[in-house]
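*Asks:* mind folding the following:
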Amino acid sequence: MRMCTGYPTGVPLGGIGTGMIELLTNGKPGTIITNGNWAVPIIELEGCFFAIRIEEQNGKSYFRMLQTEDYSKFQGVSTVKYTGLYPVAKAEYFCVDIPIRLEVTAFSPLVPHDVEKSNYPGAVFIFKIQNMFDDKIKVNLYVSWEHVVGCGGFKDNELLCNRSGNYIIPVQDDKMMGLIFRTCEEAKQVYPNALGEYALLTLYNEKLKLSRYVWNTINEKEQLLEALSRNEPFGDMTIKGVEGEVHPSGTIGLEAEVDPLQRIEIPVCVSWYMPYHKVFDRNTIMSGNDVNKYAPHYKSQYSVTEDESNSEDIDYSHYYQNRLHSAYEIAGSLLENYHQLLDQTTELHRYLMSTDLPDWLVSKIINDSTPLTSNTVLTKNGTLATLEASRGMFGSLGTMDQRIIAHAAYQLFYPEINRTELQLFADLQAGDGHIPHFCGNVYENIGSSNVEYGDTLWPDLSCSFIFQCYRDLMMTGDKTFFNRMLPHIHRAYEWVKSADTDGDGIPEGGSTWDVEHHDGLFSYNGTLWLATLRIMERIASIENDEPMKQEAISLFNKAQKSIMENLWNGEYFSTSYNIATKARCDEVFVGQLAGEWIARLLGLESLLPVDLMKKAVENIYKFNGNKELYRMLPIKVTKEGKLVDRNYKEHAWPQYSMVFLDCLAIQLGMVDKGMEYIRYFNDAICEICRTPWTTTLWYDCRTGFPCWDSVDRYMNCTSAWFILNALTGFHADEIEKLILISPVMQKAESMIMPLITTKYWAKLNCSQKQGISNLVITFDRLFYNDIELRGLKLREKCECRKFALNGEEADFDIEYKKGYTKILFKNGHIQKIKKGDSIAIEYCRT
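*Replies:* Residues are numbered from 1 along each chain as shown. As a prediction, this is how the structure comes out:
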């Protein structure tokens, strides 16, 4: 066993906030991150493997490790065909000299809008074996797991293990059979979060003959494999762990007779129950240099207050402990319901695949959702805390700046726990109103900004908070949560206003782009502030606060004027302008129009002249998107298209450029260009890095490889869901009971696209011909019973030629306002939506 120092590869298996394991692309199980060991994943465990033995009627036998590599004299399979669509992985094993069909499908449940079903600390491996011999055969399937209880503490990125006292016991009853992995209660000093138990179990089946093997991983693997290859007993069920001398592993063998062409299915569950999530002094796990690796301009202001000095006594525990109390119970629940859970888990996959989205895009969107498993903590009281990076970023939680795009999947599928993390930030709001950077550290404290790099005076943090709180209201219509957040929204807004220290109407300060900070007016903060003012104007209208509304409009006009006068250079919006020195930085920055993406996503009026924004986007692609120089778009280049002379000049942050540039390009009608560069990014991940389930923040723009020769699963990967919003122009508006819809199409005259929102899933059938657009929205899956609709909201001024409900034409009213057209049921009628209902519209832009 060793620490992970390279690229993790494979679909992560585990629930939200449970930790994870993987089925690797070489066919093996591996990568254990179940013991609070996010920073030091454990891979290449000698005790974790699958194997199979086949015996013919004449006594001839075959033995294969179910992996691509041989182990000593024991052969692996010829090839493995691996497919993964998170959280499901499938490995098909091929042996050229053995006529069998053999595969394993591994999954952990992830069921939208069902937190409990999405919170299992375990994975099911469904083995399917088909006999292609002419006669009956005897099959022995072996599944093995290494006992890693006690492994998980770390110091200076070195894994700490103490397996002394670990033991394995047999289990067999009328429900399940297999092994339980435990440790002595009177255990040694050990990292408490690594204490607990594992289970390796299958359903009881009288047609399966069970054998068990407990052995020392350090020196007995070859002897064990020799015994398995001969179908002979081996090992000692009574051995106990002694760190450095005896490291127990447990193997189960499942024997069945299989007739010619018969196909058998054997489910096996690996589950874990790790009851602690305790925190401790950061000085025991890291050095300050780790922070400066990621944020070179950061100067530590971290200090432990008297109130928080005893945080190491806190045990946050895990949400699953409210209903599950042992690894055995977890495995039982998974195995008894595995068919239903797999069907519910793959429903979203099937729904996206039933549309006209290209396969590569469906795979990207689904596989970029892996942070739901790899980056989440879900405490016993139901609070979500999101790791910024699964291994790096020294355990930082929440990361409000990244959350501006990272919240996508949580808002869509788990809005209740999404709100708990927003609530954490609201609770941590500073006295002056600013929102902190982090809401804790997974190793130190959950629900505190008094952690390293936890509190920074960046305007984008408060803007991000306001955006997400408002978006939750738009998508859910839940005024209860919004009203609870409203005082925090106003205080955050007042603080951002106060951050304008030079009087140009734009708040000054750092930002998420922390490899470099800019004095004065920074284009990212500038357009983000414009979007925030549009949101505040909208909130003021909802609250009937006319003075607030007029203030937001006035501040918007001032800020917009400043951006136009100081940043527009005739080709694009410059990176920054220092009002004190009158110096303008004309570097080409990929995030210069981030605020316009927000405005269009939410159906708000554009922030800047559309023709200028289109020109700016074209020039960003021209300079930053030069494929002769760059495999990913660099954060900034000179106006000649060369890398800027600064630290980390080679950095590309592709999730940000995908959302703030590519999705915006699609929204602006440049759909081919936006999709071209999203595909360009995806190809780099899948073909160069070959890590489709593992995407980080930091890449070298010149090569497409991750910086620092390592890779994290980064929290903002789930932003891929925003691609759907860009393509369809869709966003629910549960405040006004409207559907915002403005699809853009590539070359096809008609397309079916998914509309995925918090309260329902629908399909959009859209066609365009000779300037006439026809849209049909069919509601397929409703998650709430209170869905009501007043009509549709289309971008730009449109002429509505036909409006229909369930195939019958309906009378309608039209409203034109601020770049949008509302098509409303006549006389303010509100239509209750049921499953199967459809809305159709025929229109043209005028």
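*Asks:* what comes up buried for stretch 647-657?
*Replies:* For stretch 647-657, burial by neighbour count (16 or more other CB atoms under 10 Å) applies to Y648, K649, E650, H651, A652, W653, P654, Q655, Y656, S657. Glycine gets a C-beta too; all of them are placed from N, C-alpha and C.
*Asks:* swap that for stretch 156-167, please
*Replies:* Quick answer for stretch 156-167 (16+ other CB under 10 Å): L159, L160, C161, N162, R163, S164, G165, N166, Y167.
*Asks:* now the residues you listed in CSV, with secondary structure and distance to T217?
*Replies:* Formatted as CSV, the buried residues of stretch 156-167 follow (DSSP: H, G, I helix; E, B strand; the rest coil; distance: CB to CB, whole Å):
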residue, secondary structure, distance to T217
L159, strand, 15
L160, strand, 17
C161, strand, 12
N162, coil, 15
R163, coil, 9
S164, coil, 14
G165, coil, 15
N166, strand, 11
Y167, strand, 14
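*Asks:* quick check, nearest of the residues you listed to N716?
*Replies:* Nearest to N716 among the buried residues of stretch 156-167, counting by CB to CB, is L159 at 27.4 Å.
*Asks:* so that closest one is in contact with C151, correct?
*Replies:* Yes: the pair formed by L159 and C151 meets the contact definition of CB atoms under 8 Å, at 6.5 Å.
*Asks:* got any ranges where this structure has weak pLDDT?
*Replies:* Applying pLDDT under 70 to the chain flags residues 1-8, 185-189, 282-312, 746-747.
*Asks:* pick out the most distant pair among the buried residues of stretch 647-657.
*Replies:* Between any two of those, the greatest separation by CB to CB is 19.2 Å, found for K649 and Q655.
*Asks:* okay, now the nearest residue to H731 once chain neighbours are set aside: neighbour count?
*Replies:* Ranked by CB to CB, 6 or more residues apart in numbering and with sequence neighbours excluded, the top spatial neighbour of H731 is L740, at 4.4 Å. By the other CB atoms under 10 Å criterion, the neighbourhood of L740 contains 24 residues.
*Asks:* show me what contacts L740?
*Replies:* Residues in contact with L740, defined by CB atoms under 8 Å, 6 or more residues apart in numbering, are L602, G603, G729, F730, H731, A732, D733, L792, K793, R795.
*Asks:* kindly report the same for R790.
*Replies:* Contact analysis of R790 by CB under 8 Å, 6+ apart lists E736, K737, L738, L824, F825, G828, H829, I830, Q831.
*Asks:* where does the third one fall, phi/psi-wise?
*Replies:* The phi and psi torsions at L738 (degrees, to the nearest 10) take the values phi -130, psi 160.
*Asks:* ok, it - contacts?
*Replies:* For L738, the contact set (CB under 8 Å, 6+ apart) comprises L789, R790, G791, L792, K793, K822.
*Asks:* report the separation between it and G510.
*Replies:* According to CB to CB, to the nearest Å, L738 stands 37 Å off from G510.
*Asks:* follow-up on the earlier one: any idea how far the residue nearest to H731 is from G791?
*Replies:* L740 is 11 Å from G791, by CB to CB.
*Asks:* with Y470 instead?
*Replies:* Using CB to CB, one gets 21 Å for the distance from Y470 to G791.
*Asks:* now Y351
*Replies:* 25 Å.
*Asks:* mutual contacts of L159 and C151, please.
*Replies:* The overlap between the contact sets of L159 and C151 (CB under 8 Å, 6+ apart) consists of N37, I42.
*Asks:* helix, strand or coil for K793?
*Replies:* Per DSSP: H, G, I helix; E, B strand; the rest coil, the local secondary structure of K793 is strand.
*Asks:* shouldn't M632 be within a helix?
*Replies:* No: M632 is assigned coil when assessed by three-state DSSP, not a helix.
*Asks:* picking up where we left off before, give me the buried subset of the contacts of L740.
*Replies:* In the contacts of L740, burial by neighbour count holds for L602, G603, G729, F730, H731, A732, D733, L792, K793, R795, counting by 16+ other CB under 10 Å.
*Asks:* closest one of those residues to N367?
*Replies:* When these are compared against N367 (criterion: CB to CB), the nearest one is F730, at 21.8 Å.
*Asks:* what helix or strand does the residue nearest to that closest one when sequence neighbours are not counted sit in?
*Replies:* Spatially, and ignoring its direct neighbours in sequence, F730 is nearest to L755 (4.9 Å; CB to CB, 6+ apart). Here L755 sits within strand 750-756, counting by DSSP states H and E.
*Asks:* other SSEs contacting that strand?
*Replies:* helix 722-728, strand 760-769 (3 or more CB pairs under 8 Å, 6 or more residues apart in numbering; DSSP states H and E).
*Asks:* out of these, which is closest to D173?
*Replies:* strand 760-769 (40.6 Å).
*Asks:* next helix or strand past the closest one?
*Replies:* Trace forward from strand 760-769 with DSSP H and E and the next one is strand 772-782.
*Asks:* quick one: contacts of the helix or strand following that following strand?
*Replies:* Using DSSP H and E, the next helix or strand after strand 772-782 towards the C-terminus is strand 788-789. Strand 788-789 is contacted by residues K737, L738, I739, F825, I830, Q831, K832, I833, I839 when judged by CB under 8 Å, 6+ apart.
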